[in-house]
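Test case, fold it:
(4 chains)
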There are 2 protein chains.
Amino acid sequence: MSALILTRPLMRNRLSAEIENILLKSIIKGQLVVGEKLPTERELARDLEVNRSTVREALGRLESLDLVEIRHGDGVYVKNYQESGSLELIRAMIRLDERQRDDIIEALLEFRSIIGPEMAFRAAKNRTDDHIQALEEVIWKNRELSTLEKDIRVHHIIGLASANILYLTLLNFFNKFVIEYGHLYFNDEENVKRSERFHEEIYQAIKKGNAGLARKIMRDVLTYAQKAVVDTLQTGRDSRR
Amino acid sequence: MSALILTRPLMRNRLSAEIENILLKSIIKGQLVVGEKLPTERELARDLEVNRSTVREALGRLESLDLVEIRHGDGVYVKNYQESGSLELIRAMIRLDERQRDDIIEALLEFRSIIGPEMAFRAAKNRTDDHIQALEEVIWKNRELSTLEKDIRVHHIIGLASANILYLTLLNFFNKFVIEYGHLYFNDEENVKRSERFHEEIYQAIKKGNAGLARKIMRDVLTYAQKAVVDTLQTGRDSRR
DNA sequence: AATGGTCCATTGGCCGGACCACCGGACCAA
DNA sequence: TTGGTCCGGTGGTCCGGCCAATGGACCATT
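The predicted model follows:
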């Protein structure tokens, strides 16, 4: 095993992604006013010196994010992202403006502290034997998994058990951040142990169907994690990036 | 004023949107196994009898939804939407499979009952005078607005006041459903009055900065609405659609 | 046998140019 | 004032082509 750790596979961006980022940035920064009509696809293609197809692919993705509205025969209009922006937008905002990264992470953690406990509550009430077995597999049978990976899977199973697709989807969203910024928490050995204890405790509570207890356990660990990460951010102890 | 009410402006779909729906449906229904490689863009274009550009636009949007992964020089692979699917996917699921519409709406309402109160709590603590003034504008100064429209705006202002971009974004998501299915609630005159009373009560609580009260008021109205809509769905009293 | 280099068919990314579908505004006629 | 017609501009789709990245086959070296 080498000591070299590659966080990402050195991905080159697509040209259309570049254009998407340029426009996204302009919209979020307010350089493009809400309701304003964008330059036509042909103009954008000419100014950016790319093909119109490439511009179209970028605009299509922006429309998926509900940032613009494309009207056939008319033009492309900027929408108010504060009113219509989707969750994915938040990831893009972090990507494009590092300065507000910490604020968003804090908002995220606080939010998760609200959602998680209720998800655990539901999971304890609705879990099936399959969920219990899946938890056992992850927590004890997969010794090669890192605690971070285990943590993501444990939460995912709880999300599945909650039997509410919204919890599951929200969790997917959280997990994308955990993957990216989880080191802020799991770099500390003490936090790792805290999580492992959490896995066993929540497993027991859910297995027993003790919904109230499951909620409490989840609330405790999430508020703990929230505090831990916020402290890390504020003291700037993070070594990476 | 005519008695004719048009719910939607008779929009024709883009071809690329058709293709997007076809593939989306196949993925959600499990007809395309996770990890499987899709036909190449050229094959899809030939089989669907459209241009490759059109296929590409559809695939690009599916990638935005985190439903597929496009690998340059390799192919397009199906992702596990239960692990990576975004919130927008839920809207698509309703659109494509009416049978689970009621289940999703119920999940949505339950979820909102968890989120809303905490958002109101934060809003009461962080609100500025501008928010108060904006609430007054909406609640009393705009007499031509329907109660549904007022309701959306009131929630939006509360979301802004909460000073947590996640609450705001989640709210945007909820609102898209309120616009589409709000009639399930606001068709009943009694519910309309309930909402108007709610607007005044939450306004007072937030103005005073009484966070606990704001949370309670929000919780009461959301659980009430949840119950009301679920009842409507189960008794099938909905007249439209 | 294992490793690393080279080549090549396949696949997605991008291109330029063309035509079609649709919208909005100008203009005209009833 | 109303409704019809026309027309320039814009997004939607198509065509054919070339570029860039990938993965696998094959071969040479160790």
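
Now A:A163: phi and psi?
Its backbone dihedrals place A:A163 at phi 60, psi 30, with angles given as degrees, to the nearest 10.

measure it to A:K176 for me?
Note on A:A163: its distance to A:K176, by C-beta to C-beta, to the nearest Å, is 22 Å. C-beta: built from backbone N, CA, C; applies to glycine.

can you tell if the host helix or strand of A:L23 touches DNA strand C?
Here A:L23 is covered by helix A:15-28, with elements defined by DSSP states H and E. Yes - where contact is defined by C-beta under 7 Å from any atom of the strand, part of helix A:15-28 touches DNA strand C, namely A:15-16.

Mind checking the pLDDT average for that helix?
pLDDT averaged over helix A:15-28 equals 95, rounded to a whole number.

counting contacts, what elements does it pack onto?
Applying 3 or more C-beta pairs under 8 Å, 6 or more residues apart in numbering or on different chains; DSSP states H and E, one finds that helix A:15-28 makes contact with helix A:41-48, helix A:52-64, helix A:88-96.

any chance of those helices in CSV, plus distance to A:R71, mean pLDDT and mean neighbour count?
CSV is the format used below for these (distance: least, C-beta to C-beta, whole Å; pLDDT from 0 to 100; neighbours: other C-beta atoms under 10 Å in any protein chain shown):
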stretch, distance to A:R71, mean pLDDT, mean neighbour count
helix A:41-48, 12, 97, 15
helix A:52-64, 11, 97, 21
helix A:88-96, 21, 85, 18
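
any chance of these in JSON lines, plus distance to B:Q226?
Conversion of the helices and strands packed on helix A:15-28 to JSON lines gives the following (distance: least, C-beta to C-beta, whole Å):
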{"stretch": "helix A:41-48", "distance to B:Q226": "44"}
{"stretch": "helix A:52-64", "distance to B:Q226": "29"}
{"stretch": "helix A:88-96", "distance to B:Q226": "26"}
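
Between the ones you listed, which one is closest to DNA strand D.
Shortest separation from DNA strand D across the helices and strands packed on helix A:15-28 is recorded for helix A:41-48, at 3.8 Å, computed as C-beta to the nearest atom of the strand.

so does that closest one get close to DNA strand D?
Yes - Helix A:41-48 lies in contact with DNA strand D when judged by C-beta under 7 Å from any atom of the strand; the contacting residues are A:41-42.

near chain B, which residues of chain A?
A:16, A:53, A:56-57, A:60-61, A:64-66, A:72, A:82-90, A:104, A:107-108, A:110-111, A:114-115, A:118, A:156, A:160, A:164-170, A:172-173 (C-beta under 8 Å from any C-beta of the partner chain).

Tell me, how many residues neighbour A:T128?
Per other C-beta atoms under 10 Å in any protein chain shown, the neighbour tally for A:T128 reads 11.

and if you look at A:G212?
11.

give me the element the nearest residue to it once chain neighbours are set aside is part of.
Among residues not flanking A:G212 along the chain, A:F121 sits closest, at 7.3 Å (C-beta to C-beta, 6 or more residues apart in numbering or on different chains). Element membership for A:F121 (DSSP H and E) is helix A:101-126.

same for the helix or strand following that helix, what does it pack against?
Reading on from helix A:101-126 to the C-terminus, the next helix or strand found by DSSP H and E is helix A:129-136. Counting by 3+ C-beta pairs under 8 Å, 6+ apart, the packing neighbours recorded for helix A:129-136 are helix A:147-161, helix A:189-208.

can you put the ones you listed in CSV and add mean pLDDT?
Written out in CSV, the entries for the helices and strands packed on helix A:129-136 read as follows (pLDDT from 0 to 100):
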stretch, mean pLDDT
helix A:147-161, 96
helix A:189-208, 96
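
Could you single out the most deeply buried of those helices?
helix A:147-161 (a mean of 21; mean count of other C-beta atoms under 10 Å in any protein chain shown).

so what does the helix or strand following it touch, helix or strand wise?
Scanning forward in sequence from helix A:147-161, with DSSP H and E defining helices and strands, the next element found is helix A:165-181. If you count contacts as 3+ C-beta pairs under 8 Å, 6+ apart, helix A:165-181 packs onto helix A:101-126, helix A:147-161, helix B:81-84, helix B:88-96, helix B:101-126.
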